[in-house]
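In: Everything below, folded, please.
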Amino acid sequence: MKAYIRSAVSISPQNTFDNSSFLNGLAEYQGNRLNCIEPDYNEIIAPKLNRRMSRLIKMSAACALTCLKDAGITSPDAIITGTAYGCLEDTGIFLTSVIEQDEEPLTPTAFVQSTHNTAGAQIALLIKCNYYNNTFVSGGVSFENALLDALMLLSENEQANILAGGMDEITDISHTILSRTGLYKHGPVSNTNLFLLNSKGTIGGEGAAFFLLASKPSEHNLANIDAVATFYKPADITETAQHISSFLAAQCISASDIDLFITGNNGDAKHDKVFAQLQQLLFDRVPSANYKNLCGEYPTSTAFALWMAANIVKANSIPAILGHTGVTKNKINKVLIYNHYQNIYHSLILISAC
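Out: Have a look, this model is predicted:
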């Protein structure tokens, strides 16, 4: 299973939607929450429709429409999305209305738009796409499962063009709830010193990223997706390392063939140990970079990481703001993205130059 990334668009806490200058400068945040820098949606979505959409749907639709436009595709053969939380803003509105109105009959709009597949459905309605449409809700590997589904579809139909994306948002309500679980840091914190604090917790984030995937080569392709894999709750670092070694072996490569190792370090001292141990065991001579100081922690953050990696491969350059370690080669041919969400959901995405 293999796919070419024809185009990629991201809305994130960084200035990524206008990709004329790839990660040229870091948007700094004080506090444990990173919110997206959003474009003027009226320039992308008809104002009449824009007013009816929730924030996550706007972000997803803007990314999807722009992604199709950049690829020169009017309508894809499939739309596949991944999200762990769905449309939290509408969910909050609906649940608040239930409480405030004593469970009396409510207007159904917020409930209808709160479901996880709303973004994919709205995109299909906007472009009048009546083909395969699926949404994966699989926690920390929701986006990876969407990618796997896309790869399988492409292996069945080599003429297909598939729109795949991952998105999650953060709201006041969700941030409060997740803070109570100990997911986020307390006290003074900034995304500029996230990896220096050596303390419990991380910073919350959000974002949407969409990709037009095809099985045919093109001079405009950004990169290849060579393989995607997930695994769940490994017993220890030895089992984790075995999963990664087996994944690489299945692609007939070893750790030394990786030109850049992108990790899901998020500043949590406990969970970041996994990445440090793996770098010692397998990737001690491989240049590495982090990304969650740019977008924050959320279950589908690997969609942002894939957008970043595809652009790195296309430009054959690593932006300075990533603060990568190690000596990079003259040509960046293979990039491995490894992430785990709370050391429960683990994923691997291997991409290569076209």
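In: what's the pLDDT at Val189?
Out: Residue-level confidence at Val189 comes out at 92, pLDDT.
In: Test my guess that it contacts Asn32.
Out: Yes. Under the contact definition of Cβ atoms under 8 Å, Val189 touches Asn32, with a separation of 5.4 Å. Every residue, glycine included, has its C-beta placed from N, CA and C.
In: Please enumerate the shared neighbours of those two.
Out: Common neighbours of Val189 and Asn32, counting by Cβ atoms under 8 Å, 6 or more residues apart in numbering, are Ile203.
In: Show me which of these two is the more surrounded one.
Out: For Val189 versus Asn32, neighbours defined as other Cβ atoms under 10 Å are more numerous around Asn32 (26 against 21).
In: Around Leu350, how many other residues sit close by?
Out: 22.
In: Pull the residues that contact whichever strand or helix holds it.
Out: Assigned by DSSP states H and E, Leu350 belongs to strand 345-352. Contact with strand 345-352 is made by 5, 138-141, 144, 147, 223-232, 234, 240, 243-244, 247-248, 251, 299, 302, 305-306, 309-310, 313, 333-340, as judged by Cβ under 8 Å, 6+ apart.
In: Flag every buried residue along it.
Out: Tyr345, His346, Ser347, Leu348, Ile349, Leu350, Ile351, Ser352 (16 or more other Cβ atoms under 10 Å).
In: Any idea how far it is from the middle of the chain?
Out: Chain-centre distance of strand 345-352: 11 Å, with Cα atoms, centre = their mean, to the nearest Å.
In: so what's the closest residue to Ser142 other than its chain neighbours bridging to?
Out: Leaving aside its sequence neighbours, Ser142 sits nearest to Gly82 (Cβ to Cβ, 6 or more residues apart in numbering; 3.6 Å). Partner residues in beta bridges with Gly82, using DSSP bridges, are Phe136, Gly166.
In: where does the chain have low pLDDT?
Out: 110, 326-327 (pLDDT under 70).
In: OK, contacts around the residue nearest to the spatial centre of it?
Out: Centroid check for the chain by Cα atoms, centre = their mean gives Ala303 as the closest residue, at 1.9 Å. Contacts for Ala303 (Cβ under 8 Å, 6+ apart) come out as Ser10, Gly82, Phe143, Gly165, Gly166, Met167, Gly207, Ala208, Ala209.
In: how about 10 Å then?
Out: Ala303 makes contact with 8, 10, 12, 63, 81-83, 142-144, 146-147, 164-168, 207-211, 295, 349 under the criterion Cβ atoms under 10 Å, 6 or more residues apart in numbering.
In: for it, helix, strand, or coil?
Out: Per DSSP: H, G, I helix; E, B strand; the rest coil, the local secondary structure of Ala303 is helix.
In: go on, Asn130?
Out: With three-state DSSP as the basis, Asn130 sits in coil.
In: ok, now how distant is it from Asn339?
Out: To Asn339, Asn130 is 34 Å away according to Cβ to Cβ, to the nearest Å.
In: Skipping its backbone neighbours, what lies nearest Leu23 in space?
Out: Of all residues not flanking Leu23 in the chain, Pro319 sits nearest, at 4.0 Å (Cβ to Cβ, 6+ apart).
In: scratch that, Thr107
Out: Ser97 (8.0 Å).
In: Any idea how many residues pack against that neighbour?
Out: So Ser97, with other Cβ under 10 Å, has 15 neighbours.
In: Would you list the phi and psi of it?
Out: Ser97 adopts backbone torsions of phi -60, psi -40, taken as degrees, to the nearest 10.
In: Check Asn290 too.
Out: Per-residue torsions, Asn290: phi -110, psi 170 (degrees, to the nearest 10).
In: More neighbours: which of Asn130 and Asn339?
Out: Neighbour count, other Cβ under 10 Å: between Asn130 and Asn339, Asn339 has more, with 27 against 8.
In: how about that one, what does it touch?
Out: 140-141, 143-144, 230, 262-266, 275, 291-292, 297, 299, 301-302, 305, 345-349 are the contacts of Asn339 under Cβ under 10 Å, 6+ apart.
In: related to what we said a few turns ago, export the buried residues of strand 345-352 to CSV and tack on distance to Leu88?
Out: As requested, the buried residues of strand 345-352 are exported to CSV (distance: Cβ to Cβ, whole Å):
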residue, distance to Leu88
Tyr345, 19
His346, 24
Ser347, 22
Leu348, 28
Ile349, 25
Leu350, 31
Ile351, 30
Ser352, 35
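In: Identify the farthest-apart pair in the residues you listed.
Out: The most widely separated members of the buried residues of strand 345-352 are Tyr345 and Ser352, with 24.1 Å between them, by Cβ to Cβ.
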